[in-house]
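here is my input; please provide its structure:
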Amino acid sequence: MTTLGVGGDARYLAEAATDDDVVAAAAWARERGLPLFVLGGGSNLLVADEGFDGLVVQVGLRGFDVVEDGDEAIVKVAAGEDWEHCMQRTIELNCAGMECLAGIPGTVGGTPVQNVGAYGQEVATSIACVRAYDLVERKFEELTPQECGFAYRRSRFNTADRGRFVVTRVDYRLKRGGAPTVRYAELKEAILKGRDEAELAAVRLAEVAETVRELRRAKGMLLVEGDADCRSAGSFFKNPVVSEERARQIAEVSGKLPPSFPAGRGQVKIPAAWLIEQAGFHKGFQMGAAGISSRHTLALTNRGGATANEILALAERIAAGVDARFGIELELEPVLVGF
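Numbering: from 1, shown residues only. Okay, the predicted model is just below:
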């Protein structure tokens, strides 16, 4: 049930197709003193070889509704819906706000947890409300974006209140007939091939989404049946945010200026993939059955029969190499379960 395909079994598994199922599963685990873990698409997950000695609830709620609101549309999507399917439907509705997030595996319920983002867009900018079951208060709540505590690849759901909420629905506020977001340099370059920059205004949402998929496919970040590079959890490390002074120090150490993107006052975001490569880890590098993708240094892959410990050992070796060379601690992006 995970894209990495490693890790042990869950002691118990429940499939929740309704709100009542979520409440019942939570009560069942609570009465037995069992830990509870919520599973979505399993695309951002590393499960320990020992498995999980509790109840895994796979959220399978379905539903997709659109409420018109002037020149905007509120798209209400159940947490169990496939993200790519959801994103594609918004494109067909000609609603802007998700087009750069095409090709990302997983379910809708996981998007606010990780504040999913790519190619210059993140869901925090379009989320209007997150409906979730509070396991502590034992009631459903509708949380505003401010109450979700969004930051880069973060939210209250994966930090201060990790494990407290079961997301059941996400509402997105999108711009009807809006222009696509084409700010990210790599995406912009791909879109502009053979075009003048003035022509960007005529680019359609569908073209941006398809271009993003092609970029992801080239990096092995698009799930393709039979592709060994796709047995991964996507980006295994978060891109570190550092001060501009720290970025200059990195340039002095490496002898070259690192690519960077503005990240607030006096800070820049540096691609973890660049740091990994500069620390001496190349595409295709392997330790046992765990390896770096042959197409992108940010993805760690199961080359066939890998264990969770092998994946984690490779991640730790990479992180130690980057720390030794640049003094930067890389942060893992996947959720670790059962460790």
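
please count neighbours and contacts with C-alpha atoms only from this point.
Fine.

in stretch 11-27, what counts as buried?
Using 16 or more other CA atoms under 10 Å as the burial criterion, the residues of stretch 11-27 that qualify are 13-14, 16-17, 21-23, 25-26.

and for the longest helix seen in the chain, what's in contact with it?
The residue-count maximum for a helix in the chain (DSSP state H) belongs to helix 308-326. Applying CA atoms under 8 Å, 6 or more residues apart in numbering, the set of residues contacting helix 308-326 from outside is 6-7, 46-49, 236, 250, 253, 275-276, 279-281, 287-291, 300-302, 328-330.

mind checking which of the buried residues of stretch 11-27 land in strands?
13-14, 16 (DSSP state E).

how about these in TSV, adding pLDDT and distance to Ala263?
Below are those laid out as TSV (pLDDT from 0 to 100; distance: CA to CA, whole Å):
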residue	pLDDT	distance to Ala263
Leu13	97	40
Ala14	97	40
Ala16	98	38
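
okay, those residues in TSV with distance to Arg213 next?
Below are those laid out as TSV (distance: CA to CA, whole Å):
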residue	distance to Arg213
Leu13	33
Ala14	33
Ala16	30
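
wait, which of those residues is closest to Glu84?
Nearest to Glu84, judged by CA to CA, of those is Ala16 at 20.6 Å.

looks like that closest one contacts Leu55 (just checking).
No - assessed by CA atoms under 8 Å, Ala16 is found out of contact with Leu55, at 11.9 Å.

quick one, domains of this protein?
Domains of the chain are assigned by automatic domain parsing as 10-59, 64-176, 228-332.

first vs last residue of the first one, how far apart are they?
In other words, domain 10-59. 15 Å (CA to CA, to the nearest Å).

repeat that for stretch 118-128.
Stretch 118-128: ends 19 Å apart by CA to CA.

list the contacts of that stretch.
74, 97-98, 100-101, 111-112, 115-117, 144-145, 150, 170-174, 181-184, 186-187, 212.

show me these that map onto strands.
74, 117, 170-174.

which one of those is nearest to Glu92?
After measuring the ones in strands among the contacts of stretch 118-128 against Glu92 - CA to CA - the closest member comes out as Leu174, at 12.6 Å.

how many other residues sit next to the closest one?
Neighbour count for Leu174, taken as other CA atoms under 10 Å: 24.

which residues touch it?
With CA under 8 Å, 6+ apart, Leu174 has these contacts: 72-75, 95-97, 126.

pLDDT below threshold where in the protein?
Scanning the chain for pLDDT under 70 picks out nothing.

centroid residue for it?
Centroid-nearest residue in the chain, with CA atoms, centre = their mean: Val116, separated by 4.4 Å.

do you know how far that residue is from Gly327?
Counting by CA to CA - Val116 and Gly327 are separated by 27 Å.

next: Ala218.
On the measure of CA to CA, Ala218 and Gly327 end up 30 Å apart.

and for Leu46?
Counting by CA to CA, the gap from Leu46 to Gly327 is 26 Å.

ok, those two, which is more surrounded?
Neighbour tally, Leu46 and Gly327, criterion other CA under 10 Å: the higher count belongs to Leu46, 28 against 13.

correct me, but the more buried one touches Leu4?
Yes - counting by CA under 8 Å, Leu46 touches Leu4, with 7.3 Å between them.

list residues touching both of the two?
Here Leu46 and Leu4 have Ala233 as joint contacts, going by CA under 8 Å, 6+ apart.

does Tyr12 really touch Gln58, like I thought?
No - using CA under 8 Å, Tyr12 is not in contact with Gln58, being 10.8 Å away.

which residue is the nearest non-sequential neighbour of Ile276?
Val322 (6.1 Å; CA to CA, 6 or more residues apart in numbering).

neighbours around that neighbour, how many?
22.

what of the one 4 residues further on?
Other residues within reach of Phe326 by the criterion other CA under 10 Å amount to 20.

cool, Ala185 as well?
Using other CA under 10 Å: Ala185 sits among 12 other residues.

need the contact list for it.
Ala185 touches nothing, counting by CA under 8 Å, 6+ apart.

of the ones in strands among the contacts of stretch 118-128, closest to Asp134?
Nearest to Asp134 among the ones in strands among the contacts of stretch 118-128, with distances taken as CA to CA, is Val170, at 14.9 Å.

give the contact list for that closest one.
76-79, 108-109, 112, 127-131.

what are the boundaries of the helices in the stretch 1-150 of the chain?
19-31, 83-92, 110-114, 145-148 (DSSP state H, counting those that start in this stretch).

pick the most deeply packed of those helices.
With neighbours taken as mean count of other CA atoms under 10 Å, these reach their highest mean count in helix 110-114, at a mean of 24.
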